[in-house]
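> quick one: sequence and predicted model below, then my questions.
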Amino acid sequence: MFELAGWKLPPELRASQPAELRGMRRDHVRLMVIDRTSGSITHTRFDQVGDFLDAGDLLVVNSSRTLPAAIPARRQDGSPVQLRPSVRRGQHWDALAVQPNPPHANVPLAAGERLAVAGTQATVEGRRADIPLLWRIRLDEDGLDRLLLAGEPIRYSYVPGPIPLEYYQTVYATHPGSAEAPSAGLAFSWEVLLGLHERGIETADIVLHTGLSSFQDDAFDAEHHMYEEWFEVSTLAAAAVGRAHRVIAVGTTVVRALETAVDRHGHVRALAGWTDLKISPAHRPRVVDALITGFHEPQASHFELLQAFVDGDLLRRAYAGAIERRYLWHEFGDTMLIL
């Protein structure tokens, strides 16, 4: 278990705005490079990431597009509630129900009650058995258009005001479906991607539609409840992984998708469906060699995945250095490359 003596993330290190609204290019956020072989830690800027990669390496990105997944709804008694769908299957959502305003505390619904959701009606079918903070909700009509028309991006307390949806999108996002941004790729610009291509570094994309990173309950979040997410690894992506010198996953979502698609011979195959695979020190990656990611607090489920890549002493040293050097955390923060 990861421990950091005196661990406490200063509130000002939780990035409250995207880089562009802080007056810089998105590819000018900081980059920490952790070399597991030498144990070295290098501090640089994200647009220099190519200096640490080689010709023949493959970057695998998640081309899922972020939805405005905080949806206003109204209960039968007229009171407002915000729905945050974590798992969507057409007209069926497994969604968090929270207060519309900060701190967005959980709201208990009632099985059988009807909700008005963005111009249509929905029925609360009850709690999800394995994750009781999620409510099973059946919409009278398909819900994707409702999200696109009525919602706003999900945000947490460290982002005090609304941020336009465009800042939650990677430059290569094409497939709408994520509840929250696949944020490890936000630092990429087309200039960085073109520069990598010129160095002989290939790029392939998969799709994994993210769910929620928090259930708005610290104690519940600390239990790291897993749920299914929809993904697709194409034939082209699988072939690119097979011929790569090294596979560098851009984000924990890419790790989850690729490792789900590994067959019993250790090869990635084309595959689509739902994954509930948990990557942790007990399940180490089989095909992903390196990882680009953001900074996650130790109570986050993403942090367990980091421990599958980096041993505790090196990760502890990296995080202590990040705090000392005032790196920024969360989706709008700085980045890390683990080699």
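It's in.

> quick one: residues in contact with the strand of greatest length in the chain.
Determined from DSSP state E, the single longest strand within the chain is strand 80-89. For strand 80-89, the surrounding residues in contact (C-beta atoms under 8 Å, 6 or more residues apart in numbering) are 69-75, 93-100, 104, 107, 109, 115, 117, 134, 137, 143-144, 147, 154, 177, 179, 209, 211-212, 227-229. Every C-beta, even on glycine, is put in place using the N, C-alpha and C of the backbone.

> what residue in this protein is the furthest from its centre?
residue 77 (34.8 Å; C-alpha atoms, centre = their mean).

> neighbours of residue 64, just the number please.
Neighbourhood size, residue 64 [other C-beta atoms under 10 Å]: 31.

> picking that back up, which of the contacts of strand 80-89 count as buried?
With neighbours counted using 16 or more other C-beta atoms under 10 Å, the contacts of strand 80-89 contain these buried positions: 69-71, 73, 75, 93-98, 104, 107, 109, 115, 117, 134, 137, 143, 147, 154, 177, 179, 209, 211-212, 229.

> residue 137 is in what secondary structure piece?
Counting by DSSP states H and E, the element that carries residue 137 is strand 134-139.

> state the mean pLDDT of that strand.
Taken as a whole, strand 134-139 carries a mean pLDDT of 97.

> return the set of buried residues in the following helix or strand past it.
Remark: after strand 134-139, the chain's next helix or strand is helix 144-150, criterion DSSP H and E. Buried residues in helix 144-150, counted by 16+ other C-beta under 10 Å: 146-147, 150.

> next one: stretch 233-248
233-234, 237-238, 240-241, 244, 247-248.

> and of these, the nearest to residue 271?
Checking these against residue 271 by C-beta to C-beta gives residue 233 as the nearest, at 5.2 Å.

> give the contact list for that closest one.
Residue 233 makes contact with 206, 257-258, 260-261, 268-272, according to C-beta under 8 Å, 6+ apart.

> quick check: closest non-adjacent residue to it.
With C-beta to C-beta, 6 or more residues apart in numbering as the criterion, residue 233 has its nearest non-adjacent residue at 4.3 Å, and that residue is residue 261.

> hmm, the one you found is touching residue 272, no?
No: under the criterion of C-beta atoms under 8 Å, residue 261 makes no contact with residue 272, lying 9.0 Å away.
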